[in-house]
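Trainee: Let's see this in three dimensions:
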Amino acid sequence: MDMRICFISRCRLPSYNVPKDGNTFLGIEFPRCLGRKGHNLIIGSKSKLDDYDIRFLNLFEQVVLASYSNNRVKDSFTFYRALKKIMKRTRIDIVHLINTDYLVFPLLCKIFKETRKLKLIYTFSMPYFKRMAFRDYLLVHIKRIAFSKLFDGICVTSPLLYDLLIKQNIDKEKIFLIPPPIDSVFFDSEARYKTKSKLIKQNRDQVSIVLYFGDLHPLRFPARKVLNAISLIKKENINVKLIAVSRYGSEHLKINEMAQKMNLNGNVICYTKSLRNEEKVELYSNADVVIFPFEGFMGIDPPATLLEAMSCGKIVVASRIQSMPYIIKDGFNGILVDPLTPEKLAEQLKFTLTSEEAKKMGANARETILQHFSKEKVTQKLLRMYKEVSHSM
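Mentor: Sure, this is the predicted structure:
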């Protein structure tokens, strides 16, 4: 590809080798797909760099570390100055903004559009949710309509977002569906990562492990419903252990206290830790089933953890929410629970833990990732998008 792409994201360093929240995941993974000389990168402020970061950043021709704050207008001008700095040194054909919420920035970039025929792409990865306040709901619509006028291409990460934009009468020719890229070579249970965790190693052969990895906010992890489901499975004489891991926060303390009151001390392990990717693969690989009991929206759509678990060949049990029904074909590559009740969840978990038929779903889940979400497939889609945008009027 002879065109030059400049990525702009609000990622923080360090480190590219530790998990980020949904807001920064794409800002890391999209550039990784095209991480080679000839492309440029502007990212948020850093506190330190490790060897992994330096190796990654060296793939780019130029990198600008532009600090940001919570002031959107100030950050818009900061990133604008950073872009000017790069453009003085090299030619740029396309600027790709990834989950930056700097409302003034696109207006500033209009100057470049007119003088240098610069093309602009914006990535949407977060749908609104029905519980959103009317004011925020209205702002989301206004922002999308405004951005559709300012940008030459709009990149969305899920069919749900694609449909939302179509319903808002945004030009279909401008919208490109580019899902989150997953490193299917790294996230693979067959890699046989050595089990180091005492939580998994202890009585592994006698215990069925149900894994949840992500935010412990009630909209993402309705603790009482999940624990009630574990309690119902326990009554069926199935030796089950729920492992719930969050990157941050103190919700795990409340959940462990709840488990104690429900006499689930030996069946629930909940803790907070920022896991390295190797540790995540270890957890995925040793789980019997991975759950996504979402009741509301938080983070990118689809969730990266869902795709990672499927890439590891795991059976996933998820709510029928967001883009889950677009990805999970119930009974083929996973299970959808609707409505999400303790009884329904327990019924489906029991099926996945005791049925030989359910094991086929894990293989189908991995094949889904290889066909639609692997790094190679997403890179092809990104290149196609850049080509079409570059030739648009």
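Trainee: rest of the way, CA atoms for contacts and neighbours
Mentor: Will do.
Trainee: Low-confidence bits of the stretch 201-350 of the chain, can you list those?
Mentor: The model of the stretch 201-350 of the chain has pLDDT under 70 over residues 201-205, 298.
Trainee: what ranges do the helices span in it?
Mentor: Secondary structure of the stretch 201-350 of the chain, counting by DSSP state H, counting those that start in this stretch: helices at 223-235, 251-261, 277-286, 304-311, 324-327, 342-354.
Trainee: what comes up buried for the fifth one?
Mentor: With burial defined by 16 or more other C-alpha atoms under 10 Å, the residues of helix 324-327 counted as buried are M324, I327.
Trainee: Show me what it is packed against.
Mentor: The contact analysis (3 or more C-alpha pairs under 8 Å, 6 or more residues apart in numbering; DSSP states H and E) places helix 324-327 against no helix or strand.
Trainee: circling back: can I get the helices of the stretch 201-350 of the chain in a markdown table including distance to P31?
Mentor: Shown next, in a markdown table, are these (distance: least, C-alpha to C-alpha, whole Å):
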| stretch | distance to P31 |
| --- | --- |
| helix 223-235 | 36 |
| helix 251-261 | 33 |
| helix 277-286 | 18 |
| helix 304-311 | 16 |
| helix 324-327 | 24 |
| helix 342-354 | 37 |
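Trainee: Can you show me the CA trace of stretch 31-42 as CSV?
Mentor: Provided in CSV are the C-alpha atoms of stretch 31-42 (Å, rounded to 0.1, in the frame of the first residue of the first chain):
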residue,chain,number,x,y,z
PRO,A,31,-2.1,0.3,14.4
ARG,A,32,-0.6,-3.1,15.1
CYS,A,33,-2.3,-4.5,12.0
LEU,A,34,-0.4,-1.9,9.9
GLY,A,35,2.6,-1.4,12.1
ARG,A,36,5.4,-0.9,9.6
LYS,A,37,7.5,1.9,8.3
GLY,A,38,5.5,4.5,6.3
HIS,A,39,2.8,4.9,8.9
ASN,A,40,2.6,7.5,11.7
LEU,A,41,1.2,7.4,15.2
ILE,A,42,0.0,9.9,17.7
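Trainee: Point to the residue nearest the middle of the protein.
Mentor: In the chain, the residue lying closest to the centroid (C-alpha atoms, centre = their mean) is A304, at 3.1 Å.
Trainee: Just confirm it contacts D183, I think it does.
Mentor: No - using C-alpha atoms under 8 Å, A304 is not in contact with D183, being 10.9 Å away.
Trainee: residues touching P222, list them.
Mentor: P293, F294, E295 (C-alpha atoms under 8 Å, 6 or more residues apart in numbering).
Trainee: that older thread, hey, which of the helices of the stretch 201-350 of the chain is tucked in deepest?
Mentor: Of all those, helix 304-311 carries the top mean neighbour count, a mean of 25, counting by mean count of other C-alpha atoms under 10 Å.
Trainee: got the angle between it and helix 277-286?
Mentor: Counting by axes from the mean of the first three to the mean of the last three C-alpha atoms, to 10 degrees, helix 304-311 lies at 60 degrees to helix 277-286.
Trainee: so how far is K359 from A244?
Mentor: 22 Å (C-alpha to C-alpha, to the nearest Å).
Trainee: of these two, who's got more company?
Mentor: A244 (22 against 19; other C-alpha atoms under 10 Å).
Trainee: List the beta-bridge partners for the more buried one.
Mentor: Following DSSP bridges, A244 is listed with bridge partners Y212, C270.
Trainee: surely it meets K273?
Mentor: No - with contact defined as C-alpha under 8 Å, A244 does not reach K273; the gap is 10.5 Å.
Trainee: Show me the common contact partners of these two, please.
Mentor: With C-alpha under 8 Å, 6+ apart as the test, A244 and K273 reach no residue in common.
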